[in-house]
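Enquirer: need a structure here:
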Amino acid sequence: MLKAGSGPVRRPAIDMFVAGPRGPAVARDQDRMKKIAFIAFLLAVCGSAGRAQESRQDISLSGTALIEPFIASSTTVQVHSTTAYGALLSYRFMLTPTVALEGNYGITYQNKINYYAPPNRYDIPVRTMEISGGIVKSFVYKSFNPFVELGPGAFVFTPIVNTGLQSLDVKRQIEIGGIFGAGIAYEISPSFDIRAEYRGWVTKVPTFNNPAFNTNKWYPFNIYDPVVGVAYHF
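Expert: As a prediction, this is how the structure comes out:
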């Protein structure tokens with residue numbers, strides 16, 4: 001008779017039969033799960049990095065030419081002007097991949113606005129400033145991105161006091177109006193693009209708070225404002 005303490009030899013064989021094939025299978029499953037988890041982690045990291053690299057803002061610096069059209073009014077006052085050259089700083093924040101809010105600050109160096117109020121003629125050197133905002137809609141065609149914009153603006157006409165203006169009663173004037181425009185941006189890298197745009201200002205003809213220069217008119221259609229510059233995306 002077998003003693004109870006001696007035990008048959010078959011029990012280890014059964015244990016080996018049961019545990020033997022199952023142990024490597026579990027190890028293989030665990031390795032497979034680790035690989036899947038690692039790949040999922042890499043995908044999540046790459047996706048987060050990609051989202052972090054998406055540009056939702058940009059800032060641009062442009063050169064501008066401000067061209068004010070000829071004005072003839074019912075008050076017999078005629079207004080001419082020379083072209084003003086300046087700079088425009090713009091900031092955009094993307095609400096969607098194709099719609100952005102924009103803020104602008106522009107200033108010109110100097111030009112002359114000529115008022116002819118018969119029989120007198122007055123040349124007023126002026127520095128013009130723009131503070132405006134608006135909404136921009138873009139259309140993406142590979143590296144080319146046409147866009148349109150529209151919004152309100154404030155325009156500051158500041159006479160530059162010189163010897164000719166000391167005896168003339170002219171003061172800085174702020175006119176409220178709007179801007180509109182259309183242009184195209186060409187992407188030269190993921191961070192930079194070149195922009196060219198036609199912009200228009202809609203505003204009253206300034207009088208510099210002098211009744212003698214009153215025309216009772218707005219600029220017909222707009223003040224022409226072509227713009228060329230470079231934008232940085234971040």
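
Enquirer: Could you use CA atoms for every contact and neighbour count after this?
Expert: OK.

Enquirer: After the helix or strand bottoming out on mean pLDDT in the chain, which helix or strand is next?
Expert: In the chain, no helix or strand scores lower on mean pLDDT, DSSP states H and E than helix 10-53, which sits at a mean of 53. Later in the chain than helix 10-53, the nearest helix or strand by DSSP states H and E is strand 57-66.

Enquirer: for that next one, what is the average pLDDT?
Expert: The average pLDDT within strand 57-66 is 97.

Enquirer: and the gap between Thr96 and Lys137?
Expert: To Lys137, Thr96 is 10 Å away according to C-alpha to C-alpha, to the nearest Å.

Enquirer: Check the contact lists of those two and give me the overlap.
Expert: Taking C-alpha atoms under 8 Å, 6 or more residues apart in numbering as the contact rule, Thr96 and Lys137 touch no residue in common.

Enquirer: So for these two, which sits in the more crowded spot?
Expert: Lys137 (18 against 10; other C-alpha atoms under 10 Å).

Enquirer: Just give the number of residues close to Leu95.
Expert: Counted by other C-alpha under 10 Å, the residues lying close to Leu95 total 13.

Enquirer: do the same with Val170
Expert: A count of nearby residues for Val170, using other C-alpha under 10 Å, gives 19.

Enquirer: Pro206 is in contact with that one, correct?
Expert: No - counting by C-alpha atoms under 8 Å, Val170 stays clear of Pro206, with 10.5 Å between them.

Enquirer: measure Leu88 to Glu175 for me?
Expert: Distance of Leu88 to Glu175, computed by C-alpha to C-alpha: 18 Å.

Enquirer: and stretch 217-234, C-alpha only, in CSV?
Expert: C-alpha atoms of stretch 217-234 as CSV (Å, rounded to 0.1, in the frame of the first residue of the first chain):
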residue,chain,number,x,y,z
LYS,A,217,-19.6,114.2,-47.6
TRP,A,218,-18.2,110.7,-47.1
TYR,A,219,-15.4,109.5,-49.3
PRO,A,220,-17.1,108.0,-52.3
PHE,A,221,-16.8,104.3,-52.0
ASN,A,222,-13.7,104.4,-49.8
ILE,A,223,-10.1,105.5,-49.2
TYR,A,224,-7.9,103.0,-51.1
ASP,A,225,-5.4,101.2,-48.9
PRO,A,226,-3.2,98.5,-50.7
VAL,A,227,-1.2,96.4,-48.3
VAL,A,228,1.7,94.0,-48.6
GLY,A,229,3.4,92.3,-45.7
VAL,A,230,4.6,89.2,-43.9
ALA,A,231,2.8,87.2,-41.2
TYR,A,232,4.2,84.9,-38.5
HIS,A,233,2.0,82.0,-37.2
PHE,A,234,2.3,80.7,-33.7
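
Enquirer: Domains in the protein, by residue range?
Expert: Listed domain ranges for the chain are 6-53, 54-233 (source: automatic domain parsing).

Enquirer: between those, which gets the lowest average pLDDT?
Expert: Confidence, taken as mean pLDDT, is least for domain 6-53 of these (a mean of 52).

Enquirer: Find the residue at the geometric middle of this structure.
Expert: Residue closest to the mean C-alpha point of the chain, counted by C-alpha atoms, centre = their mean, is Arg92 at 2.5 Å.
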